[in-house]
Every structure is written in structure tokens, then in C-alpha cells.
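Asker: Based on what follows, work out the 3D shape:
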Amino acid sequence: MIKFKPTLLFIFLLISIVQEASSAESLTTYPAPKGAILNDVFDVKVRQNGEEWQDIPTYLIKVDEVRGSKHTVENASMSFFDFEGEVEVQVSYSSGSINTAKIRPSSYGIQTQLKDESITFKLDQPRNLSVEINGDIFHNLHLFANPLVKNVPDKNDPNVIWFGPGIHDFENEKYLVPSGKTVYVDGSAILRGQLLVHDAYDVKIIGRGMVEHTVKMGIHIANSKNILIDGIFCTQCATGGSNHVTIRNVKSISYYGWGDGMNVFASNNVLYDRVFCRNSDDCTTVYATRKGFTGGCSNITMQNSTLWADVAHPIMIGIHGNSDDPDTIRNLTYKNIDILDHKEMQIDYQGCMTINAGDNNLIKDVLFEDIRVEDFREGQLVNLRIFYNEKYCTAPGLGIENITFRNIDYNGNNANLSIIAGYNQDRKIKNILFENLRINGVIISDDMDGKPAWYKTSDMARFFVGEHVDGIEFRK
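Answerer: Next up, the predicted model:
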């Protein structure tokens, strides 16, 4: 007994020390480097377990507001930190009184408390958020609460390319990453130039830093294999002619013309996980032959992500291919996604979830599951068409087959009529299933209550189902 008590006490002390060390390491903030472009509209602080508030830099970023047919670049804000456990966030606003405050995605159910022109709220898991004061979505705060960085590489390792705190300018505004390298971008590092992964394999680009918003096409992957991009901020992150690519917790915000967020061209086995896209063109696309990349696409997954299309589509599949040697796009999955906005005046380019088959493409085996769509400004919920868009295509598509929409939830009043239409008897849309499609709280199904016997079920959803569509079903 005499020997046991000191041993037990030592164990308790050791556990206490470990717990205190763990707590101290469960919140990481990054100071802004000298020369960073900042925005003072918001003052952001974070703390954990009632400890002292830590200041978070607020960076200037730019977004695209469409007014009628005119594009206007607006100044918004972006802040970020890493944590594990639970944190409290305080956001102060310097541009007037706070009448209302909203944090989106709405599905997260984050509640705010307002006091003295500041709001506070708590987070118990990593989130990519939009903080909107007085309904302003163009001068908002994009707040990225990241998981902690684990397994930071050794900067003395010859296979590590280390960008530490500070601003890094590249010669010719480009940096070509060699095969076998891990690029680490510190959370206080800003890159003023593109990161290019071209004709490379076994490459990682990780960290919490950014390719600055001034850099178009921030990260570009071409003809490469076994690539990981994790945690970085950039304007765009495109993948072409590549295989086995993972893009995780990447934030893409663009404001200029043709500012697509995360394109896929002629690639296979691409995973997007927990990404955030707010873009001045399509947020995410899957195309076949395009921009010098040839072939179809297969096994593309986007999950646990947030999409915000200031222009064009949140999700766009299929318009581009090889009319002379037709491509197939297949096995695509979009799961657990929040769509925050969709704004497109042109009818040909509307649709939160869009499959447009052109260039003799065959598109098949696509799953949309657990998609929550907030009330967008202008566009359609769904657009499935086989068409001949002469501006971008040299032939109509061959077909769209085996498409499932499961647990789709739209709440709003601004959706235009959705369109599902084939091309001719040889170019049809086949086997489309809507399962648990919920529009403003009402499940749309073939046996739903209140549907007149002479109505199509699609009428209840305000979907136009045109010619050359076989096997469309709505069920609970």
C-alpha cells in the first residue's frame, strides 16, 4: 500500500499533464504575414474552454455579383483556424448595426447570440461557413473552421517543399511540383502564383495556407497520378487526364469570367471530400474530352461539401466530349451536399443538378443523395437534357441512363421549371428515379396524396418531362 499510493498519484499527475497538453494543442490560429491583403469589415476571435480570446486575421477575397446581365466584383472576407473539441467564435461587424445574422449552411442549425454589434456561436466539429450580416451575401465572412493538421512533414526532408510564414512570389507566377514531393503550405503562408502538378505522380499539397485570390487557376493537376490536395485555399482547382486524385477540405472562391471551381476533364477515380466552392462559373463539373485531355470519366465522387454558384451551375456533368470517338461518363456520386445558391439568367445554363449530354457522350450510373438545396436566386432545381448546343458541341449526346436522386430537399420559392428532355428516338433519357424528393416539405411520389389522377407526378414537382424520356419514377 505504501508503494502503491505514490505510483497511483504519479499516474494521475501524468494523465493531468497529458490532458492539459492535449487541450493546449487543440486550437491553432495563424497570424497574417506582412503584406497580406486584409479586410477590416469583420473582427474575428476564437477561444476554447473559456480561455483567452485569440484574434483571427480577416483576409480580403473577391466574389461575383450578377445584376441583370452585368457582373460586379465585390469585396468579401475570409478567416480560418484549426481546432478539435469545442470552440466559441466571436464575430464583430464594423459596417453598421447588426439587425440580423445568419450562418449557413442552414442545415447545420448554428444559433447565434447578438450583443454589442457582435455575434457569438459555438462549434463542436469542423465546418466551412458563411456568416451573413443583415442578409448581405456579397460582403459576407467566409469562415473555415478546419480540423487540426496532423502529421506535419519534416521541413528538412529532401522530399518536402516547405512554404513557411510569409509571402512567396514565383518566377513567371508558376511553381511546378515534381513527382514524389510533399508541398507544405503553412497557415501563415501566401503564394502569389499557381501550383502546377503536371505529368507527375505521388504528390501531396497540404497545409492551411493559400494561393492568393489574385491568382487565377490557383491549383492545376494534369496528366498525373496519386495526388492529394488537402486544406488549401485557392481560386480554382482543376483536374485533367489524371487518375487517383483526392481533393480534401479545399476552399475555392473565384470572381472572374470562366471561374469554374473544381473541373474534372477525362479523369478517373477522383474524390472530393469536405470541399467548399463559391464560384463565378460552375462550381464542379465532370467533362470528357476537353482542353487537350482525351477520354471519358469514371468513379468521380463529391461528398460532405458545400456549393455556391454565383454564376451557372453548382453541379454540371457532360456537355464536352469527342464526337468522332464517343466518350462515356459513368459512376458518379454526389452525396451529403449543401447547395447555398444558384444564379443564372440564361435558360440553357440553369440547374442545381445538371446533366447535359453533348458531343455524343453517354452518361450513366449517377447518384445524387442527401442533397439540401437552399432557396437560390435564379435557376432550376434539376436539368437533364440530351441536346446539341452549337456554341460548345459538334453533336448531340448519345444518352443519359440510370440516374438516381435520393433524399433531395429543396426549400424555396425561386426555382424555375425544371427540365427533363431527350433528343430523339435514338438519343433518349432512360431510367430516372426520384426517391424521397421533398419540395417545401412535401414528398413528391407517384402515390402522393392530393395528386389528381390525370396529373403527371412531375407536374406536382414543377418538372417538365418532354419527349424521348423512358422510365421516370417518383417514389417515397
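Asker: so where's the stretch 101-250 of the chain uncertain?
Answerer: Counting by pLDDT under 70, the stretch 101-250 of the chain contains no low-confidence range.
Asker: What's the local residue count around Ala145?
Answerer: Ala145 sits with 18 neighbouring residues when counted by other Cβ atoms under 10 Å. Quick note: C-beta positions are derived from backbone N, CA and C, even for glycine.
Asker: can you check Ser254 too?
Answerer: For Ser254, the count of nearby residues is 28 (other Cβ under 10 Å).
Asker: Also the one 4 residues further on?
Answerer: The number of residues packed around Trp258, counting by other Cβ under 10 Å, is 13.
Asker: Next up, the contacts around it.
Answerer: Going by Cβ atoms under 8 Å, 6 or more residues apart in numbering, Trp258 touches Asp281.
Asker: In terms of helices and strands, where is it?
Answerer: Using DSSP states H and E, Trp258 maps to neither a helix nor a strand.
Asker: if I look at it, how far off is Glu117?
Answerer: Per Cβ to Cβ, to the nearest Å, Trp258 is found 39 Å from Glu117.
Asker: ditto for Glu173
Answerer: Distance from Glu173 to Glu117, by Cβ to Cβ: 40 Å.
Asker: Repeat that for Met210.
Answerer: With Cβ to Cβ as the criterion, Met210 and Glu117 are 28 Å apart.
Asker: Who has more neighbours out of these two?
Answerer: Neighbours were counted for Met210 and for Glu117 using other Cβ under 10 Å; Met210 has more, 24 against 15.
Asker: which ones are touching the nearest residue to that one once chain neighbours are set aside?
Answerer: Nearest residue to Met210, sequence neighbours excluded (Cβ to Cβ, 6 or more residues apart in numbering): Phe233, at 3.8 Å. Residues near Phe233 by Cβ under 8 Å, 6+ apart: 78, 80, 144, 209-211, 250-251, 253.
Asker: same deal with Asp338?
Answerer: By Cβ under 8 Å, 6+ apart, the contact list for Asp338 reads 104-107, 305-307, 372, 374.
Asker: List the beta-bridge partners for it.
Answerer: For Asp338, the beta-bridge partners under DSSP bridges are Thr306, Arg372.
Asker: Could you do Ile119 as well?
Answerer: Under the criterion used (DSSP bridges), Ile119 bridges to Val91, Leu114.
Asker: can you start the count at 679 instead of 1 from here on
Answerer: Sure thing, new numbering starts at 679, so read that last one as Ile797.
Asker: neighbours of it, just the number please.
Answerer: Ile797: 20 neighbours (other Cβ under 10 Å).
Asker: Surely it touches Gln768?
Answerer: Yes - under the criterion of Cβ atoms under 8 Å, Ile797 makes contact with Gln768 at 7.4 Å.
Asker: quick one on the thing from earlier: filter the contacts of Phe911 down to the ones in strands?
Answerer: 756, 758, 822, 888-889, 929, 931 (DSSP state E).
Asker: Which among those count as buried?
Answerer: 756, 758, 822, 888-889, 929, 931 (16 or more other Cβ atoms under 10 Å).
Asker: would TSV of those with distance to Gly1144 be doable?
Answerer: Formatted as TSV, these follow (distance: Cβ to Cβ, whole Å):
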residue	distance to Gly1144
Met756	42
Phe758	45
Phe822	42
Met888	45
Val889	43
Lys929	38
Ile931	36
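Asker: residue contacts, Ile811?
Answerer: 771, 773, 776, 778-779, 818.
Asker: what pairs with the residue nearest to Met888 across the strands?
Answerer: Met888, Lys929.
Asker: And it, how close does it get to Val875?
Answerer: 17 Å.
Asker: repeat for Ser976
Answerer: Taking Cβ to Cβ as the measure, Ser976 falls 21 Å from Val875.
Asker: Next: Ile845.
Answerer: 22 Å.
Asker: So between those two, which is more surrounded?
Answerer: Between Ile845 and Val875, Val875 has the larger neighbour count (other Cβ under 10 Å), namely 26 against 16.
Asker: what about that one, is that helix, strand or coil?
Answerer: strand (DSSP: H, G, I helix; E, B strand; the rest coil).
Asker: Can you name the residues that contact the closest residue to it other than its chain neighbours?
Answerer: Leaving aside its sequence neighbours, Val875 sits nearest to Ile899 (Cβ to Cβ, 6+ apart; 4.6 Å). Shown in contact with Ile899 (Cβ under 8 Å, 6+ apart): 875-876, 905, 907, 915-918, 920, 923.
Asker: Any idea what Ile899 is bridged to?
Answerer: Val875, Thr917.
Asker: Flag the shaky bits of the stretch 929-1078 of the chain, pLDDT-wise.
Answerer: Those would be none, if you go by pLDDT under 70 across the stretch 929-1078 of the chain.
Asker: Quick one: the strands in it, in order.
Answerer: For the stretch 929-1078 of the chain, the strands defined by DSSP state E, counting those that start in this stretch occupy 929-931, 940-943, 946-951, 954-957, 962-965, 975-987, 993-995, 1006-1020, 1031-1035, 1040-1051, 1057-1058, 1060-1064, 1077-1088.
Asker: As JSON lines, those with distance to Ala1139 would be great.
Answerer: Formatted as JSON lines, the strands of the stretch 929-1078 of the chain follow (distance: least, Cβ to Cβ, whole Å):
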{"stretch": "strand 929-931", "distance to Ala1139": "31"}
{"stretch": "strand 940-943", "distance to Ala1139": "28"}
{"stretch": "strand 946-951", "distance to Ala1139": "28"}
{"stretch": "strand 954-957", "distance to Ala1139": "26"}
{"stretch": "strand 962-965", "distance to Ala1139": "24"}
{"stretch": "strand 975-987", "distance to Ala1139": "21"}
{"stretch": "strand 993-995", "distance to Ala1139": "18"}
{"stretch": "strand 1006-1020", "distance to Ala1139": "17"}
{"stretch": "strand 1031-1035", "distance to Ala1139": "13"}
{"stretch": "strand 1040-1051", "distance to Ala1139": "13"}
{"stretch": "strand 1057-1058", "distance to Ala1139": "11"}
{"stretch": "strand 1060-1064", "distance to Ala1139": "9"}
{"stretch": "strand 1077-1088", "distance to Ala1139": "9"}
